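Trainee: Got a predicted structure plus its sequence, pasted below:
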Amino acid sequence: MSEFIRVDGRKKDELRPIDIQIGVLDSADGSALVRMGKNIILAAVRGPRELHPKHLAMPDKAKIRCTYRMATFSVPDRKSPAPSRREKEISKVLTEALESVVLSHLYPRSAIDIFIQVIQADGGTRCASATAASLALADAGIPMRDLLAGVAAGIFKDEVVLDLCDEEDKDGTGDLPIVYSPSTDEISLLQLDGQFTLDQFEEALNLAIDGARKIYDMEKQALIDRYKIDVEEEIHEEVSVEEQEIEELIEQELEEPETKEEEEDFAEKITPSVSVGETTEETVEIPVTEEIEETTGEIMEPVSSPTEPGAPAEEASEPSEITEAPETFGFEAVTSSVQEHDAIKESVQEGEERLDEHDVVHEETEESDEATEEDVISVEEYEDEEEKFDEWEDLEDDEIPTPETETEEELEDEEFEDTDTLEITELEDQEEI
């Protein structure tokens, strides 16, 4: 390939400087800004979304609508704001090119709208627009078969050159813009303007495909850089959060021994402590309260044997086994598990319940003893009366002692006593009934 110096100093197979930015618009679902030489192209995507009017909806796939517009200040001579025939043609061909790679069947009865705005034009705007639209679709998260890369080749001064600028496009004799998919090796758009020989056409086509592959690599790198930053920020945030959590745990572990030592010193000063168990490597000290002392004191008191032999005596013997527990421990620091402490506590409670039952039985036996004593006294009185009656039978009438006369006060007392006895007998009769 002979050395050929172009208008802007580039070689025949050299691309113009390309700069790609992704996600430049917050209001759109996806966006991209492509600078290709002096061209500045902004693309935005909205969708998939509901299609209006609804009669345009397709039941098996989404409808892709691409709108290509040039700003009035994008060219040296002011352009009319009304859409021109050229803009409508480019909108149509770009729509067909994007339909070949977008998996539109995943979004039936919906619409995917692509808006392309040419801010500054310098030749080859349709190819740069295809590149920007493809990146905007990828930024919107719409699944595609592959990215598209657009570039043009043409004839300038009887030489086939790559990526013509505006001056070369106007002075040249031919223009061959293409939109290429490198992964599938498919040409989604190919247009030809001017006259080409067969050799020139083949050379221009191969040169454009090589240039599209270079642009394709730039597109992939731009997407990687765009989302790599977000991932790195998320990872950095997660790592910083984990570091803070680890530092807090270390601080807590360092502070815990100090607080435990203070608690142990405080417990030793106020009350004796009983070692209940070990947690990992340390012994937990639990102070003995007054309630435990009272319960242990009640259990250690000697229990009097009941009057009746049998079950109550056996119940009374069982708490005596529990009373040995404080003597074996002796309130000394012994290492045992928390479960053993709970078992001892439960046994103490059972001993208290059994002692309560024993007290109830003992009270009942005392009441029965009192009743029997009353019965014995009444029998003795009856025997004394019988002896007196036997003595009076042997005596004569003159010798029988006469009862002393009672005063009026004593008679009144007797009347009250008689009434009381009558009331008592009546009540007893009612109870018997």
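Mentor: The structure has been received and is ready for your questions.

Trainee: all helices of the stretch 101-250 of the chain, in order?
Mentor: Along the stretch 101-250 of the chain, the stretches classed as helices by DSSP state H, counting those that start in this stretch are 125-139, 166-171, 198-270.

Trainee: For those helices, which has the smallest mean pLDDT value?
Mentor: Per-stretch mean pLDDT for the helices of the stretch 101-250 of the chain is lowest at helix 198-270 (a mean of 78).

Trainee: which of the helices of the stretch 101-250 of the chain sits most buried?
Mentor: Mean neighbours per residue, mean count of other C-beta atoms under 10 Å, is largest over those for helix 125-139, with a mean of 28. Quick note: C-beta positions are derived from backbone N, CA and C, even for glycine.

Trainee: got the CA coordinates for it in PDB?
Mentor: What follows is helix 125-139, C-alpha atoms only, in PDB (Å, rounded to 0.1, in the frame of the first residue of the first chain):
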ATOM      1  CA  THR A 125     -22.900  10.700  10.400                       C
ATOM      2  CA  ARG A 126     -25.100   7.700   9.600                       C
ATOM      3  CA  CYS A 127     -22.200   5.200  10.400                       C
ATOM      4  CA  ALA A 128     -21.400   7.000  13.700                       C
ATOM      5  CA  SER A 129     -25.100   7.100  14.500                       C
ATOM      6  CA  ALA A 130     -25.400   3.300  14.100                       C
ATOM      7  CA  THR A 131     -22.500   2.900  16.500                       C
ATOM      8  CA  ALA A 132     -24.000   5.300  19.100                       C
ATOM      9  CA  ALA A 133     -27.500   3.600  18.800                       C
ATOM     10  CA  SER A 134     -26.000   0.100  19.400                       C
ATOM     11  CA  LEU A 135     -24.200   1.300  22.500                       C
ATOM     12  CA  ALA A 136     -27.300   3.000  23.800                       C
ATOM     13  CA  LEU A 137     -29.300  -0.200  23.400                       C
ATOM     14  CA  ALA A 138     -26.600  -2.100  25.300                       C
ATOM     15  CA  ASP A 139     -26.700   0.500  28.100                       C
END
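
Trainee: hang on, the earlier thing: specify the stretch among the helices of the stretch 101-250 of the chain that is closest to His52.
Mentor: Within these, the stretch nearest His52 is helix 125-139; the backing value is 20.7 Å (C-beta to C-beta).

Trainee: What lies in contact with stretch 201-218?
Mentor: Under the contact criterion C-beta atoms under 8 Å, 6 or more residues apart in numbering, stretch 201-218 has outside partners 12-13, 15, 18, 20, 131, 147, 149-155, 160-163, 174, 176-180, 182, 192, 196.

Trainee: just to revisit the earlier point, for the helices of the stretch 101-250 of the chain, please prepare JSON lines with the additional fields distance to Ser110.
Mentor: JSON lines is the format used below for those (distance: least, C-beta to C-beta, whole Å):
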{"stretch": "helix 125-139", "distance to Ser110": "14"}
{"stretch": "helix 166-171", "distance to Ser110": "38"}
{"stretch": "helix 198-270", "distance to Ser110": "24"}
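
Trainee: Lovely, talk soon.
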